[in-house]
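A.B. asks: 3D model of this:
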Amino acid sequence: MLGVETVDTPYVRAVQNAARAVSASLRAGGGDFGAATLEDLFDTRYRPVPGSATRRR
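C.D. replies: Below you'll find the predicted structure:
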């Protein structure tokens, strides 16, 4: 961060802390952290959520 406090600062800090925790968890549990691909981390197969009005465009 640039040292400027805004109303969003607590959210930015929370996300940064969560990212550090996820990164540390992946490093501790998986051995070779660099072996994970984007396909391993993100599911791009769309499936509607029952009861949701959201539709994929």
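A.B. asks: so where does the spatially most central residue of the chain fall, helix or strand?
C.D. replies: Nearest to the mean C-alpha position of the chain, by CA atoms, centre = their mean, lies A19 at 6.7 Å. In the assignment (DSSP states H and E), A19 maps to helix 9-30.
A.B. asks: Show me which positions of that helix end up buried.
C.D. replies: For helix 9-30, burial by neighbour count (16 or more other CB atoms under 10 Å) applies to no residue. In short, each C-beta sits where N, CA and C put it, glycine included.
A.B. asks: just to revisit the earlier point, against V49, how distant is the residue nearest to the centre of the chain?
C.D. replies: 25 Å (CB to CB, to the nearest Å).
A.B. asks: Kindly report the same for A36.
C.D. replies: Counting by CB to CB - A36 and V49 are separated by 25 Å.
A.B. asks: Pull up the gap between A28 and A21, please.
C.D. replies: As judged by CB to CB, A28 and A21 stand 11 Å apart.
A.B. asks: Please disregard the earlier target; I meant V49.
C.D. replies: 26 Å.
A.B. asks: can you check V15 too?
C.D. replies: Going from V15 to A21 by CB to CB gives 11 Å.
A.B. asks: what helices or strands is the host helix or strand of D40 leaning on?
C.D. replies: Assigned by DSSP H and E, D40 falls within helix 38-41. Packed against helix 38-41 by the contact rule (3 or more CB pairs under 8 Å, 6 or more residues apart in numbering; DSSP states H and E) you find no helix or strand.
A.B. asks: Just the CA trace of it, in PDB.
C.D. replies: What follows is helix 38-41, C-alpha atoms only, in PDB (Å, rounded to 0.1, in the frame of the first residue of the first chain):
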ATOM      1  CA  LEU A  38      -4.300 -22.100 -13.100                       C
ATOM      2  CA  GLU A  39      -6.400 -25.100 -14.200                       C
ATOM      3  CA  ASP A  40      -5.600 -26.700 -10.800                       C
ATOM      4  CA  LEU A  41      -6.700 -23.700  -8.900                       C
END
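A.B. asks: So for that helix, mean pLDDT?
C.D. replies: Average pLDDT, helix 38-41: 76.
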